[in-house]
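[1] starting from these lines, generate the structure:
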Amino acid sequence: MEILSQAAVLVVTLLVLLGLGVWVGVALLASAVVIFLLFTSSPVDAILGTTMWAHSASWTLTALPLFIWMGEILYRTRLAEDLFSGLAPWVGRLPGGLAHVNVVGCGIFAAVSGSSAATTATVGRISLPELKSRGYDDRLAIGSLAGSGTLGLLIPPSVVMIVYGVAAQVSINRLFIAGVVPGLMLMALFSGYIALWSRMNRDAMPAPETSIGWRERLVRLRLLIPVVGLIIGVIGSIYAGYATATEAAAIGVAGALIIAAVGGSLTRASFVEALFGATRTSAMIGLILLGAAFLTSAMSFSGLPADLAEVISNSGLGKAGLIAMLTILFVLLGCFLDGISIVVLTTSVVMPAIAAVGIDPVWFGIYLIIVVEMAQITPPLGFNLFVIQNLTGRGIFEITRMIVPYFLILVLGVILLTAFPGIATWLVEQTI
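    Predicted structure coming up:
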């Protein structure tokens, strides 16, 4: 009964505070204080100080603001225009036409931004007007953007991967490597659905794009050189073992500044905007991480994670049963919380249970991020929904109807990942 009372107090406290509009980080800190006072005799003030210092004095954590800053810089460049111009000649004749630009463009931008919202906003502000002017159905244009925008969380470098790695004490380099194949898999599934939809709804598709010669295709392809070079510099340095995640993030910031300067978008105003934007986002995530760390300490002192792990071990639930239960839980949480909050709220609680059934923490990180991707397009608080609402002026639930197929594709991705764990672990085993 002790575990039930602790869990009930924790859940009720969190729900009440979040429902009152309290910041997530502050809600986590307050919930930890309640757990300490009610279920332990440990000194709250002393543990608070040591926990805050231990989890903030982390070299690994420095990668977080750097990758966020890199994405903020690139958001203010001509990268999205260049992506559309460079990719359009290569995908325009495929079934589904230029809708594939959303998938490939989001996949490429995800590899240099680390943010789902930034990926959706950057690609969408160029692709949606272009697709609308060419007569593409809104269901295809908006739906494919919403689904593909979630790749910003999975394809490295990913801010959520860093948050999970820090919270679960898992190598960020290994997570970055593990995210590549699942990311490519989801891109293939999204593009496959676009091609199938276009074949089944020929009346809703515009006339095929005019064919462009190979010379012009190659000329436009050079527009992708800066972003491809940045991807190689950031991700390639990690895979080759030349740089840690933090060092790669510094390379990414330097590369983003060079791209912005060469493209003429690096001004004093844009530099300051990017810096302040990165500072605000990093401070918000940092507060959430510190609150989660303190809550983790509170639960450790109360024994809740160990008791939960024992209950799950004795319940007879196998890996598949636990994953099915967690998937339902995370999707429900996604209706009310953003992805980062879901990761930090649940990691400390579920990791003992994950270890109890023998699930690889790197694999679980990739699974968790795919499920968090679902949260990005789950009403009423899916972040990508709000981004697309700002881009299109459409209602949240109208957008939601358009993205249902892409949500189901993410569910399929979880099923495939669970059935074939090597999708996430194979490349890690070959590289490290």
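
[2] how close does the residue positioned nearest the centre of the chain sit to Ile231?
    Central residue of the chain (Cα atoms, centre = their mean): Leu153, 1.9 Å from the mean position. Computed as Cβ to Cβ, to the nearest Å, the Leu153 to Ile231 distance reads 17 Å. Where C-beta positions appear, they are placed from N, C-alpha and C, glycine not excepted.

[3] buried set for stretch 42-58?
    Judged by neighbour count using 16 or more other Cβ atoms under 10 Å, the buried positions of stretch 42-58 are Val44, Ile47, Leu48, Thr51, Met52, His55.

[4] and those residues, which two are furthest apart?
    Using Cβ to Cβ, the buried residues of stretch 42-58 span at most 16.1 Å, a distance reached by Val44 and His55.

[5] so where is the stretch 1-150 of the chain shaky, pLDDT-wise?
    The stretch 1-150 of the chain contains residues with pLDDT under 70 at 1-4, 55, 57-58, 60.

[6] which residues in it form strands?
    Counting by DSSP state E, counting those that start in this stretch, one finds no strands in the stretch 1-150 of the chain.

[7] quick one on the thing from earlier: the buried residues of stretch 42-58 in helices, which ones?
    In this view, the buried residues of stretch 42-58 that belong to helices under DSSP state H are Val44, Ile47, Leu48, Thr51, Met52, His55.

[8] now, which of these sits nearest Met351?
    For those, the minimum distance to Met351 (Cβ to Cβ) is 15.3 Å, reached by His55.

[9] quick one: Ser158 and Thr150 touch, right?
    No. Assessed by Cβ atoms under 8 Å, Ser158 is found out of contact with Thr150, at 10.9 Å.

[10] for the two, indicate the residue with more neighbours.
    Taking other Cβ atoms under 10 Å, Ser158 and Thr150 do not tie; Thr150 has more neighbours (33 against 28).

[11] so what's the closest residue to that one other than its chain neighbours up against?
    In this structure, Thr150 finds its nearest non-sequential neighbour in Glu373, 3.7 Å apart by Cβ to Cβ, 6 or more residues apart in numbering. Taking Cβ atoms under 8 Å, 6 or more residues apart in numbering, we find Glu373 in contact with Ser116, Thr150, Leu151, Leu153, Leu154, Gly339, Leu410.

[12] what pLDDT does Glu373 get?
    Note on Glu373: pLDDT of 85.

[13] quick one: the nearest residue to Ile212 once chain neighbours are set aside and Leu230, what's the gap?
    Of all residues not flanking Ile212 in the chain, Pro89 sits nearest, at 4.4 Å (Cβ to Cβ, 6+ apart). According to Cβ to Cβ, Pro89 and Leu230 sit 22 Å apart.

[14] and Phe330, by the same measure?
    Distance of Phe330 to Leu230, given as Cβ to Cβ: 32 Å.

[15] how far out from the middle of the chain is stretch 391-411?
    Relative to the chain's own centre, stretch 391-411 is displaced by 17 Å; criterion: Cα atoms, centre = their mean, to the nearest Å.

[16] and for stretch 155-164?
    Mean C-alpha position of stretch 155-164 versus that of the full chain (Cα atoms, centre = their mean) differs by 7 Å.

[17] quick one: end-to-end distance for it.
    14 Å (Cα to Cα, to the nearest Å).

[18] so for it, what's the average pLDDT?
    Here the average pLDDT along stretch 155-164 is 85.

[19] kindly export stretch 139-148 (C-alpha atoms) in CSV.
    C-alpha atoms of stretch 139-148 as CSV (Å, rounded to 0.1, in the frame of the first residue of the first chain):
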residue,chain,number,x,y,z
ARG,A,139,-4.5,17.2,-46.3
LEU,A,140,-1.3,16.1,-48.1
ALA,A,141,0.7,19.3,-47.6
ILE,A,142,-0.2,20.0,-43.9
GLY,A,143,-0.3,16.4,-42.8
SER,A,144,3.1,15.5,-44.3
LEU,A,145,4.6,18.5,-42.7
ALA,A,146,3.2,17.8,-39.3
GLY,A,147,4.3,14.2,-39.4
SER,A,148,7.8,14.9,-40.9
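
[20] Leu79 reaches Val227, doesn't it?
    Yes. Counting by Cβ under 8 Å, Val227 is a contact partner of Leu79 at 6.0 Å.

[21] these two - which one has more neighbours?
    Between Leu79 and Val227, Leu79 has the larger neighbour count (other Cβ under 10 Å), namely 29 against 23.

[22] any idea how far that one lies from Ile399?
    Using Cβ to Cβ, Leu79 is found at 24 Å from Ile399.

[23] CA atoms of stretch 320-333 as CSV?
    Output of stretch 320-333 as CSV, limited to C-alpha atoms (Å, rounded to 0.1, in the frame of the first residue of the first chain):
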residue,chain,number,x,y,z
ALA,A,320,6.3,-6.5,-25.0
GLY,A,321,3.6,-6.1,-22.3
LEU,A,322,5.6,-3.4,-20.5
ILE,A,323,6.2,-1.5,-23.7
ALA,A,324,2.5,-1.7,-24.6
MET,A,325,1.5,-0.2,-21.2
LEU,A,326,4.2,2.5,-21.4
THR,A,327,3.1,3.5,-24.9
ILE,A,328,-0.5,4.1,-23.8
LEU,A,329,0.8,6.0,-20.8
PHE,A,330,3.1,8.2,-22.9
VAL,A,331,0.5,9.0,-25.5
LEU,A,332,-2.0,10.0,-22.8
LEU,A,333,0.7,12.2,-21.2
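
[24] quick one: contacts of it?
    Here stretch 320-333 makes contact (Cβ under 8 Å, 6+ apart) with 312, 317, 342, 345-346, 350, 353-354, 357, 359, 367-368, 371-372, 374-375, 378, 414, 418.

[25] kindly recompute the last result at 7 Å.
    Stretch 320-333 is contacted from outside by 312, 342, 350, 353, 357, 367, 371-372, 374-375, 378, 414, 418, using Cβ atoms under 7 Å, 6 or more residues apart in numbering.
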